[in-house]
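**Student:** sequence-free structure coming up:
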């Protein structure tokens, strides 16, 4: 930032010189700016790379090219990459900072390896100490992945076993992740089923309560309440009709009105009225009469229970068994 600020001032000064003098100052100004940028490049480059170069130089003096060839080549390659960015003066390259830090770290690592190698070559105790430290680290790794770490075996074999165990652990972890996903999906399905079951149980408890209420209110008027899986049947045995007529007597009307009032507890359910009677004489006539009587029963239920036409239907059926001609069985079916 200091160099950029200085360069801006240099440009402003060049403009003033150009404006105040009639002579052609442009070539001289351009040359000054070029020289300035060269100085800027060298300053930044030296600042950034001076420590790295010192580290590399010290490592080379310790024989790093022979004792740590892989690390040395890596550092050299990284140095060329950073120098390439700097030589193009791309100081705002977003990768420059990270690459420079990594280069510095690897340079320090190279020097450490070189120093350690030199010490080991000169001091048997240092070499033994290094091996003991290495064995200790490998032992800890082996215990973590449950691999036998007898050091009578070669270090390469122990490290190979550790690598294999780590690979196996990774595979097991991936399998466990997949199983966890399956279990989570299963758990979500189970929770959904439990919620649906709770809802059904709640509805069933509500329906059972309503069935009990129907029984207690309708049993006194000889109406039988039958609860089935998807419906409730309210059955009246022996409604009396005058022969060939659809008029309902006062007693049976009160029973039907009582049923209509009870249907208030099922405001959103469909109601079907089924009236059954024996056929007398002409079957077609008997069927028509049964339909008319079913409709008469329906009108009483609608009036007592305020049931709209859209929620109730009526049907007359002919029974096989022989009933008295004037008697009919009425089933008021509440569809659940």
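**Tutor:** That came through, no problem. This structure is a prediction, so every number in the text was calculated from the model and none was measured. Residues are numbered from 1 along each chain as shown.
**Student:** rest of the way, CA atoms for contacts and neighbours
**Tutor:** Will do.
**Student:** quick one: the helices in the stretch 151-300 of the chain?
**Tutor:** Along the stretch 151-300 of the chain, the stretches classed as helices by DSSP state H, counting those that start in this stretch are 155-218, 250-262, 283-305.
**Student:** Between helix 250-262 and the longest one, find me the angle.
**Tutor:** Using axes from the mean of the first three to the mean of the last three Cα atoms, to 10 degrees, one finds that helix 155-218 and helix 250-262 are set 150 degrees apart in direction.
**Student:** Out of the helices of the stretch 151-300 of the chain, which is the most enclosed?
**Tutor:** helix 283-305 (a mean of 19; mean count of other Cα atoms under 10 Å).
**Student:** mind checking the backbone torsions on the closest residue to residue 292 other than its chain neighbours?
**Tutor:** Closest residue in space to residue 292, ignoring its immediate chain neighbours: residue 246 at 6.7 Å, by Cα to Cα, 6 or more residues apart in numbering. Dihedral pair for residue 246: phi -120, psi 0, per degrees, to the nearest 10.
**Student:** re earlier: quickly, which of the helices of the stretch 151-300 of the chain bottoms out on average pLDDT?
**Tutor:** Sorting those by mean pLDDT places helix 155-218 lowest, at a mean of 80.
**Student:** thinking again about what came up before, how much space between the residue nearest to residue 292 and residue 178?
**Tutor:** Here residue 246 is placed at a distance of 71 Å from residue 178 (Cα to Cα, to the nearest Å).
**Student:** and if you look at residue 28?
**Tutor:** Distance of residue 28 to residue 178, computed by Cα to Cα: 71 Å.
**Student:** Check residue 57 too.
**Tutor:** With Cα to Cα as the criterion, residue 57 and residue 178 are 52 Å apart.
**Student:** what does residue 167 give?
**Tutor:** 17 Å.
**Student:** Sketch out the low-pLDDT regions of the stretch 1-150 of the chain for me.
**Tutor:** 1-3, 21-24, 44, 90-92, 123-124, 126-128, 130-132, 135, 145, 147-150 (pLDDT under 70).
**Student:** How many residues are close by residue 307?
**Tutor:** 21 (other Cα atoms under 10 Å).
**Student:** One more: the one 10 residues further on?
**Tutor:** Residue 317 is surrounded by 20 other residues when neighbours are defined as other Cα under 10 Å.
**Student:** go on, the one 10 residues further on?
**Tutor:** By other Cα under 10 Å, the residues close to residue 327 number 17.
**Student:** With residue 56 instead?
**Tutor:** Quick note: residue 56 (other Cα under 10 Å) scores 22 neighbours.
**Student:** contacting residues around stretch 87-96?
**Tutor:** For stretch 87-96, the external contacting residues (Cα atoms under 8 Å, 6 or more residues apart in numbering) are 41, 82, 85.
**Student:** let me redo that: stretch 301-308
**Tutor:** The contact list for stretch 301-308 (Cα under 8 Å, 6+ apart) reads 256, 257, 258, 259, 260, 261, 262, 263, 264.
**Student:** Closest one of these to residue 49?
**Tutor:** Taking Cα to Cα as the measure, residue 49 lies nearest residue 264 of those, at 91.4 Å.
**Student:** How about the contacts made by the closest one?
**Tutor:** Residue 264 is in contact with residue 305, counting by Cα under 8 Å, 6+ apart.
**Student:** Can you read off the pLDDT for it?
**Tutor:** 88.
**Student:** Would you mind listing the buried residues in stretch 63-81?
**Tutor:** Of all the residues in stretch 63-81, those buried under the rule 16 or more other Cα atoms under 10 Å are 63, 64, 65, 67, 68, 71, 72, 75, 78, 79, 81.
**Student:** hmm, I was thinking of stretch 11-27
**Tutor:** Quick answer for stretch 11-27 (16+ other Cα under 10 Å): residue 14.
**Student:** how long is it from one end to the other?
**Tutor:** End-to-end span of stretch 11-27 (Cα to Cα): 13 Å.
**Student:** Show me what it is in contact with.
**Tutor:** So stretch 11-27 is contacted by residue 29 (Cα under 8 Å, 6+ apart).
**Student:** next one: stretch 40-56
**Tutor:** With Cα under 8 Å, 6+ apart, stretch 40-56 has contacts from 3, 83, 86, 87, 89, 100, 103, 104, 107, 108, 110, 111.
**Student:** Could you give the number of residues near residue 237?
**Tutor:** Using other Cα under 10 Å, residue 237 has 14 other residues around it.
**Student:** Could you double-check that it sits in contact with residue 329?
**Tutor:** Yes. Residue 237 is within contact range of residue 329, at 4.8 Å (criterion: Cα atoms under 8 Å).
**Student:** following the helix or strand where residue 77 lies, which helix or strand shows up next?
**Tutor:** Here residue 77, judged by DSSP states H and E, is contained in helix 69-87. Remark: after helix 69-87, the chain's next helix or strand is helix 96-122, criterion DSSP H and E.
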